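A.B. asks: Sequence below, structure please.
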Amino acid sequence: MTQAYIDGLLALAVAQARAVKIPVSRDICPQVRLNRRARTRFGCCIRREGRYTIELSAKLAEEGREEAVLQVLAHEVLHTCWGCSNHGARWKGYAQRMNEAYGYHIRRTDNYDKLGIEDDRPVRYWVVCARCGRRIPRMKRSPLVDHPERYRCACGGTLAVEGACPQAENGKM
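C.D. replies: Take a look at the predicted model:
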């Protein structure tokens, strides 16, 4: 997608929000900033000196479907509303209104699979459930990786780390 096309999608998301009486800010920069370093964040709303800039993952812009890009932009536009800098009750109410009006699936977080783009981040750890066999990928060390015995799978089974790569085990990541 070109920059102009993405900027047009931002304008559409703003217009859609206003059409359903969501009080989005009038101080939104009309150009979307593409972030080439973002790996786990698909969008961001940045407020500086009373003006909002919407940032979008370049990976999503390049590989994502139009609907996914528009949904992420709509999510970020909602953060420009008064009292919506977080994902509190007001933000959730506005998200629900957009979901009902336009068929979005705006929620607090999204993932590669739900947005329809390939997750090419390297998996360094696999956490596996002893009961159901579910394999949970982890890209970096975390409390779950360090102490899987403290957690349970959704099925209630115990978890264990399987197949950590040698660099991860030696702390050379």
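A.B. asks: Name the helix or strand of the chain that has the lowest mean pLDDT.
C.D. replies: Lowest by mean pLDDT, DSSP states H and E among the helices and strands of the chain is helix 166-169, with a mean of 46.
A.B. asks: Now do the helices in the chain.
C.D. replies: 3-19, 58-63, 66-78, 89-102, 112-115, 143-146, 166-169 (DSSP state H).
A.B. asks: Pull the CA coordinates from the third one and hand them back as PDB.
C.D. replies: So that's helix 66-78. What follows is helix 66-78, C-alpha atoms only, in PDB (Å, rounded to 0.1, in the frame of the first residue of the first chain):
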ATOM      1  CA  GLU A  66      -7.000  -3.400   3.700                       C
ATOM      2  CA  GLU A  67      -9.500  -4.500   6.300                       C
ATOM      3  CA  ALA A  68      -6.800  -5.300   8.900                       C
ATOM      4  CA  VAL A  69      -5.000  -1.900   8.300                       C
ATOM      5  CA  LEU A  70      -8.200   0.000   8.600                       C
ATOM      6  CA  GLN A  71      -9.100  -1.800  11.800                       C
ATOM      7  CA  VAL A  72      -5.800  -1.000  13.400                       C
ATOM      8  CA  LEU A  73      -6.100   2.600  12.300                       C
ATOM      9  CA  ALA A  74      -9.600   2.800  13.800                       C
ATOM     10  CA  HIS A  75      -8.300   1.300  17.000                       C
ATOM     11  CA  GLU A  76      -5.600   4.100  17.200                       C
ATOM     12  CA  VAL A  77      -8.100   6.800  16.200                       C
ATOM     13  CA  LEU A  78     -10.200   5.900  19.300                       C
END
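A.B. asks: Dump the helices of the chain into CSV; add mean neighbour count and distance to Val123 as well.
C.D. replies: For glycine as for every other residue, the C-beta is placed from the backbone atoms N, C-alpha and C. Shown next, in CSV, are those (neighbours: other C-beta atoms under 10 Å; distance: least, C-beta to C-beta, whole Å):
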stretch, mean neighbour count, distance to Val123
helix 3-19, 16, 30
helix 58-63, 18, 17
helix 66-78, 23, 22
helix 89-102, 16, 30
helix 112-115, 15, 12
helix 143-146, 14, 11
helix 166-169, 12, 10
